[in-house]
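Colleague: No sequence on hand, only this structure:
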């Protein structure tokens, strides 16, 4: 066995200035793609009851002037929100057109909430879908905010919420995706309008609102207001196609295409489907592809692709990379949530050979049931890597963070396990890339994400794609799924 420590990867912001922390980097240097001479605008549409619409508008207005930091002995973990406007760190402001605001009737919401559970879910989705469609057809804004009233939030399946924890096992992932979820269903249905949406719960903008509870631990902990503002505004910027930061790529590195492959159950539970998230480059821009159904063998309960399907899936990713960049990548890195059999390896290698790539790394990425311990009160440092053998390695992507001067999680962290099924590069290079890819989560500005964006997107995409029927519109951008 061998221990190593990997330094925290840096990110690039405005002026190509670098920092390890997302929030501090934005505050100091501004967004990566900002034009210093021309502030940007994000045009918003709004759907909700009059109460929820007023609540989110008032909160966005309050956030314009900034939100004070939470009182804490870890100021780097809980920084103030610097405000949102042309002169703010985001160099962006909102444009809310009153003609793009659709208020639901409180009586209609109460009627839907009183229906049997699954009937209420279906009707709630249809009503919200219709309002989003009306806004999109009138004048498609950059993002439509759907401010859910508490009555509709209560319709969501608690089991679905419980199972979305990071590092869910492959079995958990395939089980929880058989539940019905209003948020994912709505995202799937509005794809045909080519309209990104952002769902928001009442407690996001009103701490007095009743929040979702957990059967296991009771009331869910609410993030401090400044953190909520950071995460919400960052997500809106990404959905409006703005890029605030990227991971650093050294000039000597090969141009690499990162691909994540995961699996999900169809809505009728009859089929096991493949979802793929492709990351084009260090910005994390990519394409979503839905693969074909797969079968589970009686001898191997892990899902596998056929030779032809593996070749076709990876070939489509490489073709999209070529279409976006006008040239093929020199290297492909594939992260998969289950093991590779020989048929899959042959299919993936056939796709690599057909494109004439120089290098290919195929990794199995999952959670580990092994844990490391160190002296003192805190878990191992994020970036701690343990090599068990030539193929198998553990990497702490969650753990104690020196920049935060604490371990910022609630539970004992579990390391990521990655296995080198086939690799031209080194295990350390693979670990450094995994660590960097955890910092491309546009829903969360706390940089110690547990999953690399390849696997996170593939998992999130599967939750939405199960509601898209065969032949339905599948949007290629991740902003339609997050």
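Modeller: Happy to help now that I have it. Only a predicted model underlies this, so the values are computations on that prediction, with no experimental measurement involved.
Colleague: Run through the strands of the stretch 251-400 of the chain in chain order.
Modeller: Assigned by DSSP state E, counting those that start in this stretch, the strands in the stretch 251-400 of the chain fall at 256-265, 272-279, 286-294, 331-336, 359-367, 384-387, 392-395.
Colleague: Show me what the last one is in contact with.
Modeller: In this structure, residues lying in contact with strand 392-395 by Cβ atoms under 8 Å, 6 or more residues apart in numbering are 6, 368, 370, 372, 383-388, 415-420, 427, 430-431, 434-435. Yep, even glycine has a C-beta here, placed from its N, CA and C like the rest.
Colleague: re the thing from before, now render the strands of the stretch 251-400 of the chain as JSON lines, adding mean neighbour count and mean pLDDT.
Modeller: Output for those, formatted as JSON lines (neighbours: other Cβ atoms under 10 Å; pLDDT from 0 to 100):
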{"stretch": "strand 256-265", "mean neighbour count": "26", "mean pLDDT": "89"}
{"stretch": "strand 272-279", "mean neighbour count": "24", "mean pLDDT": "78"}
{"stretch": "strand 286-294", "mean neighbour count": "19", "mean pLDDT": "79"}
{"stretch": "strand 331-336", "mean neighbour count": "26", "mean pLDDT": "94"}
{"stretch": "strand 359-367", "mean neighbour count": "21", "mean pLDDT": "95"}
{"stretch": "strand 384-387", "mean neighbour count": "20", "mean pLDDT": "96"}
{"stretch": "strand 392-395", "mean neighbour count": "22", "mean pLDDT": "97"}
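Colleague: Of the ones you listed, which is nearest residue 73?
Modeller: Closest to residue 73 of the strands of the stretch 251-400 of the chain is strand 384-387 (Cβ to Cβ; 23.6 Å).
Colleague: For the stretch 1-150 of the chain, which segments are assigned as helices?
Modeller: Using DSSP state H, counting those that start in this stretch, the helices of the stretch 1-150 of the chain run over 22-29, 50-64, 106-113, 117-139, 150-153.
Colleague: Need the strands of the stretch 251-400 of the chain in TSV (columns: distance to residue 448).
Modeller: Converted to TSV, these look like this (distance: least, Cβ to Cβ, whole Å):
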stretch	distance to residue 448
strand 256-265	19
strand 272-279	19
strand 286-294	22
strand 331-336	19
strand 359-367	16
strand 384-387	12
strand 392-395	12
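Colleague: and of those strands, who's closest to residue 457?
Modeller: Here strand 272-279 is closest among these (Cβ to Cβ), at 3.5 Å.
Colleague: neighbours around residue 27, how many?
Modeller: 18 (other Cβ atoms under 10 Å).
Colleague: what sits against it?
Modeller: Here residue 27 is in contact with 79, 82, 89 (criterion: Cβ under 8 Å, 6+ apart).
Colleague: What are the structural domain limits within this structure?
Modeller: 34-239, 251-480 (automatic domain parsing).
Colleague: Helices along the stretch 301-450 of the chain, start to end?
Modeller: So, for the stretch 301-450 of the chain - with DSSP H, counting those that start in this stretch - the helices run 307-325, 342-355, 427-437.
Colleague: Can you list the neighbours in contact with the shortest one?
Modeller: The set of residues external to helix 427-437 that reach it, using Cβ under 8 Å, 6+ apart, is 4, 6, 8-9, 247-248, 256, 258, 279, 284, 333, 335, 361, 363, 365, 382-383, 385, 387, 393, 395, 397, 416, 418, 420, 423, 452-454.
Colleague: ok so, going back, most neighbours among the contacts of residue 27, which one?
Modeller: Most surrounded of the contacts of residue 27: other Cβ under 10 Å gives residue 89, at 25 neighbours.
Colleague: Any figure for the gap between it and residue 19?
Modeller: Per Cβ to Cβ, to the nearest Å, residue 89 is found 12 Å from residue 19.
Colleague: do the same with residue 384
Modeller: Using Cβ to Cβ, residue 384 is found at 22 Å from residue 19.
Colleague: just residue 4 next, same as before
Modeller: Residue 4 is 23 Å from residue 19, by Cβ to Cβ.
Colleague: more neighbours, these two?
Modeller: residue 19 (19 against 14).
Colleague: Tell me how far the more buried one lies from residue 457.
Modeller: Distance from residue 19 to residue 457, by Cβ to Cβ: 24 Å.
Colleague: Residue 129: how many residues sit nearby?
Modeller: Quick note: residue 129 (other Cβ under 10 Å) scores 20 neighbours.
Colleague: mind listing what the residue lying closest to it once chain neighbours are set aside touches?
Modeller: Nearest residue to residue 129, sequence neighbours excluded (Cβ to Cβ, 6 or more residues apart in numbering): residue 189, at 4.8 Å. Residues in contact with residue 189, defined by Cβ under 8 Å, 6+ apart, are 125, 129, 467.
Colleague: Ok, residue 347 next?
Modeller: By Cβ under 8 Å, 6+ apart, the neighbours of residue 347 are 305-311, 314.
Colleague: how about 6 Å then?
Modeller: 307, 310-311 (Cβ atoms under 6 Å, 6 or more residues apart in numbering).
Colleague: Export these as CSV, with columns for distance to residue 48 and neighbour count.
Modeller: Formatted as CSV, the contacts of residue 347 follow (distance: Cβ to Cβ, whole Å; neighbours: other Cβ atoms under 10 Å):
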residue, distance to residue 48, neighbour count
307, 49, 17
310, 44, 27
311, 46, 21
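Colleague: Distance check, residue 21 against residue 79.
Modeller: According to Cβ to Cβ, residue 21 stands 8 Å off from residue 79.
Colleague: Output the lowest mean pLDDT helix or strand found in this protein.
Modeller: helix 158-162 (a mean of 41; mean pLDDT, DSSP states H and E).
Colleague: so how far is the first residue of stretch 230-249 from its last?
Modeller: Taking Cα to Cα, to the nearest Å, the first and last residues of stretch 230-249 lie 25 Å apart.
Colleague: starting at the chain centroid, how far to that stretch?
Modeller: 11 Å (Cα atoms, centre = their mean, to the nearest Å).
Colleague: Show me what the mean pLDDT comes to for it.
Modeller: Taken as a whole, stretch 230-249 has an average pLDDT of 94.
Colleague: buried ones in it?
Modeller: Going by neighbour count (16 or more other Cβ atoms under 10 Å), the buried part of stretch 230-249 is 230-240, 242, 244-247.
Colleague: among those residues, which are in helices?
Modeller: Using DSSP state H, the subset of the buried residues of stretch 230-249 located in helices is 230-239.
Colleague: Flag the shaky bits of the chain, pLDDT-wise.
Modeller: Across the chain, the ranges flagged by pLDDT under 70 are 36-39, 157-179, 210-220, 280-284.
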